[in-house]
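# Provide a 3D model corresponding to the input given below.
(2 chains)
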Number of protein chains: 2
Amino acid sequence: MRPTPIKKEIVDTLVESLGIKDFAKATIREVKQVAAKAEKESGVEYIKMEMGIPGLPAAQVGVDAQIKALQDGIAHSYPDIQGYPELKKQASRFVKAFINVDIAPEGCVPVCGSMQGTFASFLTCSQATKGKDTILFIDPGFPVQKMQLQVQGVKYETFDVYDFRGDKLGAKLESYLSTGKICAIVYSNPNNPAWICMTEEELAIIGDLANKYDVIILEDMAYLCMDFRKDMSVPFQPPFQSTVARYTDNYVILLSGSKIFSYAGERIGLSCISNKLYHREYPEMKEKWGIGKFGDNFILNYLYVNTSGAGHSAQYALSAMLDAAVEGRYNFVKELREYALRAHRSRQIFEDNGFHLVYDRDIEQTISDGFFYTVEYKDLSNKTLLESLLRCGIIAIPLNTTGSHQNGIRVCVSRLRSEEDFEKLDAHLKMFTGLVREEE
Amino acid sequence: MRPTPIKKEIVDTLVESLGIKDFAKATIREVKQVAAKAEKESGVEYIKMEMGIPGLPAAQVGVDAQIKALQDGIAHSYPDIQGYPELKKQASRFVKAFINVDIAPEGCVPVCGSMQGTFASFLTCSQATKGKDTILFIDPGFPVQKMQLQVQGVKYETFDVYDFRGDKLGAKLESYLSTGKICAIVYSNPNNPAWICMTEEELAIIGDLANKYDVIILEDMAYLCMDFRKDMSVPFQPPFQSTVARYTDNYVILLSGSKIFSYAGERIGLSCISNKLYHREYPEMKEKWGIGKFGDNFILNYLYVNTSGAGHSAQYALSAMLDAAVEGRYNFVKELREYALRAHRSRQIFEDNGFHLVYDRDIEQTISDGFFYTVEYKDLSNKTLLESLLRCGIIAIPLNTTGSHQNGIRVCVSRLRSEEDFEKLDAHLKMFTGLVREEE
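Okay, the predicted model is just below:
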């Protein structure tokens, strides 16, 4: 029997029963809850494209090192709050090898996932200088970062970069920076959800303005080296991951083990603070904590009081993975190319069914295939699009929850594993186009 | 050659060079820095009693389970934000077996160490009800918890329980609670640093007032079952760990794997929210987050945005350790008795050298031997005591940094491992008494 769409009433009832006011503004968690119930009621297995979870096994070199550390008795001793020294050393080498940037080991700080990296960075940046208390997002972005600021009671501004690419970016940024209130700017590169990448011209603009207005750039590199238009897989050889670090010293690069090493379970990442920023003295910090340096404050106050450091054995895992990558023993970029293949194939299926990329270009170049992309369908609103897809067994998140002003959804390809998955996606999308035609 | 005290000038110079204004108010970290330099300059190996780090190997059952989870491929997948279901189930059983309290698995929430447990609890409690924005400490306590509130910008009040034990506690608490501003009360039981334990009478007072003034009790049980005056080692059999949970439903019990299983390295603990508090609806939370329940907010907002959960493999470790304890296969209380032996022996050495316990009794009973205790020497001020001990090769932390108004130091016995250590302690204390006599 060919499956048919779930009745609209069922979805409406589920949405209502969960107390969701506007389904188009639903969080990932809420979308998941609705989908889980709909899946149960319909008996149809859903295609899950909503969460950015790794779809590859964890890097074995990390698993082996973590097991060895545990066997050697590491579990009983608190991690050094500065971080496991060997990990810090390897992180510094890794940043040089793949980003071509020099950051001393002291500035490479292990965190409980990049989630904690931004959490602590937001706190440190927003408390560093009186009056500079607002974070600026170059959106679209990861919705949870805004929740972090809500929890912290820190203000933020945001704009959708869609209409401000290239030489339009500078004036737009200055309209916020000239208020003097912005302490930090955050964006991801490659971008979650849109997979756009800042061009060198754009990074230069951001870096110059960071210098001019003395703001800190929080550059989220969760998807490091995953702009597959270039082959960045050879350590210490160009091309390198592009970065604002070539244009300013006011930066923190946020690295995560979750995606590049498929190590999401162990909550391990790195906040890499530029040498200059690490040693920058902030008089108000000195007054409050007796410590003036940005880096020392980040580690000894903001991270320390949060979790007393990152899991000890996971630090050994990350250290081994970084070392293997730098030495060319583990080609993480090659492993991750699998996502590009999945993206390429699934994008084709979306396009064959009448969908179009929303964020489609970096100025002149088409975006890379990667972990995420964004699609729209005709002029369907987010709510109708999301609901109709859900009725046809597809889960994704609506773009407006990411700070985007465009209609569309974010597609995560990580869980599209087999030929069968792609065939199912095609079948579900055909069901969707049929449904939309019927209801037009 | 018999070692002699380090010159006062050397300590003074070190203190000054580190930018410490008042050595008696130095943090653990600062005391450690001074001691590390003094150790280097003097060539004398110090007796380190300043940090509460486990002095026993990690529970092997946990290590084995964590290794197995890693071998099974857990590292690649994000932990369930609610927590690993089996761990939640085991935590609920453990709480019943050793505290004799019923908390449903849903309320037993894994955290990245109890440090994160208090961090997230402080945020949740202080944002739950408008106007109720202040945390009350029954001190002495763990200094870092106050740093957490400074980072969060949350207010706190504190009093030293020394003069308010027994029936004096109620009026003292009410003097704070009657302002209507207190959202939560925090204390540790057994107490860090003083190793005092609240009596049943005192817990009843706290519980009754929690009900009367609708405040949440954050009961820090990092040292669960370590009141060795009672044998609490038999699961499901009295005597049980005493708790405020017998007198109120407004509580969160904070458990840590760090001390009871010597698992500090992996940053794993539990926040155990009472069934009633978990399901309590907070209208302002509902307005802000679209979620009303305390427990859901704690997990889905405050913990989620912080680290997206606790390390996945460490959750398997903790689950196995709790299970082994509940099933009587691993007697953690018996293992921890080693600390009581070290405390007993070292206390005797302190007393033989003219020291006295500061916090010495729970009303009528002498305090238990355990992980910490507090001592004073004649009428020596904190500064002189700390400095003189440091000059004689002993590191500890001054009581005033713990919210205590008494003179004295906190002694942690975890690193006193061998007969040689005790002999060294005695020799260093004799050096100290000689030094004090000389300078009188």
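
# Could you use CA atoms for every contact and neighbour count after this?
Noted.

# List the buried residues in the helix or strand of chain A with the lowest mean pLDDT.
Per-element confidence for chain A was summarised using mean pLDDT, DSSP states H and E. The lowest value among helices and strands belongs to helix A:28-42, with a mean of 83. Buried residues in helix A:28-42, counting neighbours by 16 or more other CA atoms under 10 Å in any protein chain shown, are found at A:28, A:30-32, A:34-35, A:38-39, A:42.

# Of the residues you listed, which is the nearest to A:Lys130?
Distance ranking of these against A:Lys130, using CA to CA, places A:Ile28 first at 34.5 Å.

# Chain neighbours aside, what residue packs nearest to that closest one?
When the adjacent residues along the chain are set aside, A:Ile28 lies closest to A:Ile397, with 6.3 Å between them (CA to CA, 6 or more residues apart in numbering or on different chains).

# what about the one you found, how many residues close to it?
The burial metric for A:Ile397, expressed as a neighbour count using other CA atoms under 10 Å in any protein chain shown, is 28.

# residue contacts, it?
Contact criterion CA atoms under 8 Å, 6 or more residues apart in numbering or on different chains gives A:27-28, A:31, A:50, A:386, A:409-411 as the residues in contact with A:Ile397.

# Can you name the residues bridging to it?
Beta-bridge partners of A:Ile397, counted by DSSP bridges, are A:Arg410.

# re earlier: determine which two of the buried residues of helix A:28-42 are furthest apart.
Of all pairs drawn from the buried residues of helix A:28-42, the one with the largest separation by CA to CA is A:Ile28 and A:Ser42; the distance is 20.5 Å.

# Now do the contacts for A:Leu136.
Contact partners of A:Leu136, counting by CA under 8 Å, 6+ apart, are A:156-158, A:176, A:182-186.

# cool, and A:Glu30?
Going by CA under 8 Å, 6+ apart, the list of residues near A:Glu30 reads A:18, A:20.

# how much space is there between it and B:Ala343?
According to CA to CA, to the nearest Å, A:Glu30 stands 52 Å off from B:Ala343.

# average pLDDT for stretch A:425-440?
Here stretch A:425-440 scores 93 as its mean pLDDT.

# what comes up buried for that stretch?
Using 16+ other CA under 10 Å as the burial criterion, the residues of stretch A:425-440 that qualify are A:425-433, A:435-436.

# Was I right to think A:Val358 contacts A:Thr374?
Yes: in this structure A:Val358 lies within contact range of A:Thr374 using CA atoms under 8 Å: 5.5 Å.

# rewinding a little: what two of the buried residues of stretch A:425-440 are the furthest from one another?
Spanning the widest gap among the buried residues of stretch A:425-440 are A:Leu425 and A:Val436, at 16.3 Å by CA to CA.

# Residues of the stretch 301-440 of chain A that sit close to chain B?
Where proximity means CA under 8 Å from any CA of the partner chain, the interface of the stretch 301-440 of chain A facing chain B comprises A:301-302, A:305-313.

# Could you pull out the strands in the stretch 101-250 of chain A for me?
When assigned using DSSP state E, counting those that start in this stretch, the strands of the stretch 101-250 of chain A occupy the ranges A:108-111, A:134-139, A:155-160, A:182-188, A:216-220.

# Out of the ones you listed, which is the most enclosed?
For these, average neighbour numbers computed from mean count of other CA atoms under 10 Å in any protein chain shown are highest in strand A:108-111, which has a mean of 31.

# ok, that strand near chain B or not?
No: in terms of CA under 8 Å from any CA, no part of strand A:108-111 sits within range of chain B; the closest distance is 8.8 Å.

# Tell me which strands that strand pairs with, and in which orientation.
Taking DSSP bridges as the criterion, strand A:108-111 sits next to strand A:269-273 (antiparallel) in its sheet.

# after the strand it pairs with comes which helix or strand?
If you walk from strand A:269-273 toward the C-terminus, the next helix or strand you reach (DSSP states H and E) is helix A:275-279.

# Quick one: mean pLDDT for that next one?
Mean per-residue pLDDT for helix A:275-279: 98.

# With stretch A:388-406 instead?
When the per-residue pLDDT values of stretch A:388-406 are averaged, the result is 93.

# Could you give the separation of it from the chain centroid?
On the basis of CA atoms, centre = their mean, to the nearest Å, stretch A:388-406 is displaced by 17 Å from the centre of the chain it belongs to.

# and the end-to-end length of it?
Using CA to CA, the gap from the first to the last residue of stretch A:388-406 comes to 18 Å.

# ditto for stretch A:249-261
The stretch stretch A:249-261 measures 27 Å between its terminal residues, going by CA to CA.

# Averaged pLDDT, that stretch. What do you get?
Rounded mean pLDDT across stretch A:249-261 is 98.

# what about that stretch and chain B, any contact?
Yes: using CA under 8 Å from any CA, we find that stretch A:249-261 touches chain B at A:Ser258.

# list the contacts for A:Asn353?
Taking CA under 8 Å, 6+ apart as the test, what A:Asn353 contacts is A:426, A:429-430, A:433.
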